[in-house]
Structures are given as structure tokens and as C-alpha cells.
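# Mind folding the following:
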Amino acid sequence: MLVGVAVSISSAATAESSRFDWPPTLELNHVLVQTSLYTRHFNPQPDHTNQQNLISVELHNPHRWLAGTAWFKNSFDQPTWYFYAGREFPLWRPSDNLTVRAKLTAGLLRGYKDERQDNIPFNHYGIAPAVLPSLGVQWGRFESDVIVFGTAGMMVTGGIRF
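Alright, predicted model coming up:
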């Protein structure tokens with residue numbers, strides 16, 4: 001599944017333009033505020049929680065680059081932060097008001113600690129790198145994503161653009 005998302009993102013990026021718009025401009029196009037709607041662990045354990053209570057804020061520029069911060073309860077009910085940057089890639093636009101897109105973000109997770117610190121790879125001093133692919137839809141000002149978090153599970157989010 002992750003390979004398919006990566007291939008789709010790569011294809012969309014190539015089709016979108018021959019220029020990769022690097023470095024990203026510091027121009028604000030819109031802000032996206034999201035929350036978690038549903039979480040599912042692929043191999044649930046008795047100590048996993050599916051109530052992440054996520055709230056995130058993403059700043060997007062006109063060339064689809066983004067930077068964001070998310071706060072949520074991790075799988076073990078620990079308060080966790082994700083500081084990230086990334087890009088979205090339009091895949092299909094069936095109408096002027098509807099876009100199907102992929103998104104890829106990378107950043108740092110902080111919050112897996114104590115006896116849970118080894119539950120995510122490369123977690124040193126309570127901070128670990130993360131790469132999160134997602135597939136989503138934008139309908140007017142509303143957006144929803146299915147985010148895959150490694151081999152652990154997936155989350156559905158919903159949000160609004162400002």
C-alpha cells in the first residue's frame with residue numbers, strides 16, 4: 001500500500017509540472033485545521049487506544065508545500081506532538097470544487113516516552129523521525145485524509161480551510 005502511494009505521489013508530481021518549485025516560497029495561501037475522526041490499528045493490542053483527539057494546523061503555500069504542527073494522544077494515551085513539512089499532490093479533479101490528492105509529510109514526533117519509547121523506531125531522547133503518507137479529498141473548504149502511520153495503523157481526519 002505504501003509503495004502504491006509513493007508511486008502515485010511521484011506520478012502526480014511529474015505530471016503536475018516539470019519544475020519542482022524548490023525552494024518553497026514563504027507565501028501563505030491557506031490554513032488547514034484538522035481533527036481525527038477515526039483510528040484503526042492493524043494489529044490492535046489491549047493497551048492501544050483509538051481515541052487520538054488530534055488537532056492540527058497546517059500552513060500551505062500556493063505551490064502545495066506545507067508546514068504543520070499536530071497534537072494528539074498516541075496509541076498509548078500519551079500526549080504527543082508532530083512537527084512536520086511536506087507537499088500535497090493533486091491526483092484527480094472531477095469538478096472545480098472537488099480534488100482527490102495525495103500528501104506526504106516528514107518531521108519529528110515527540111511524546112513516546114518511558115516504557116513506550118521503543119514502540120517507534122529511532123526514538124532517541126523522546127524524539128523520533130516520521131514520514132506519513134496520506135490520500136485525501138478536498139471539497140470546497142472541507143478536507144478529509146486517510147493517513148497511514150507505518151505498519152501500526154491508519155487514521156481518518158477531517159478539517160476546514162481558512
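
# ok, now which ones touch Q52?
By C-beta atoms under 8 Å, 6 or more residues apart in numbering, the contact set of Q52 is S36, T39, F72, K73, N74, M155. Bear in mind the C-beta positions are built from the backbone N, C-alpha and C, glycine included.

# Specify the beta-bridge partners of the last one.
Residues in a beta bridge with M155, per DSSP bridges, are T39, I147.

# hang on, it packs against S56?
No: at 10.8 Å, M155 does not count as touching S56 under the criterion of C-beta atoms under 8 Å.

# who has more neighbours, those two?
Legend: neighbour count by other C-beta atoms under 10 Å for M155 and S56, higher for M155 (21 against 18).

# quick one: that one from Q45, how far?
17 Å (C-beta to C-beta, to the nearest Å).

# ok, and what's touching stretch 104-115?
Contacts for stretch 104-115 (C-beta under 8 Å, 6+ apart): 5-6, 9, 66, 68, 74, 76, 78-87, 89, 119-120, 123, 126-134.

# How about stretch 84-102?
Residues outside stretch 84-102 that contact it (C-beta under 8 Å, 6+ apart) are 5, 8-9, 12-13, 16, 60, 64-70, 103-108, 130, 132-140.

# do stretch 142-150 as well
Taking C-beta under 8 Å, 6+ apart as the rule, stretch 142-150 contacts 1-2, 5, 32, 34, 37, 103, 120, 130, 132-137, 154-161.

# again, only using 7 Å
For stretch 142-150, the surrounding residues in contact (C-beta atoms under 7 Å, 6 or more residues apart in numbering) are 1-2, 32, 103, 132-137, 154-161.

# mind listing the strands for this protein?
30-41, 55-60, 65-73, 79-95, 98-110, 127-139, 142-149, 153-161 (DSSP state E).

# Can you give the distance of the third one from its chain's centre?
Read that as strand 65-73. Distance, stretch centre to chain centre, for strand 65-73: 8 Å (C-alpha atoms, centre = their mean, to the nearest Å).

# between it and strand 153-161, how many degrees?
120 degrees (axes from the mean of the first three to the mean of the last three C-alpha atoms, to 10 degrees).
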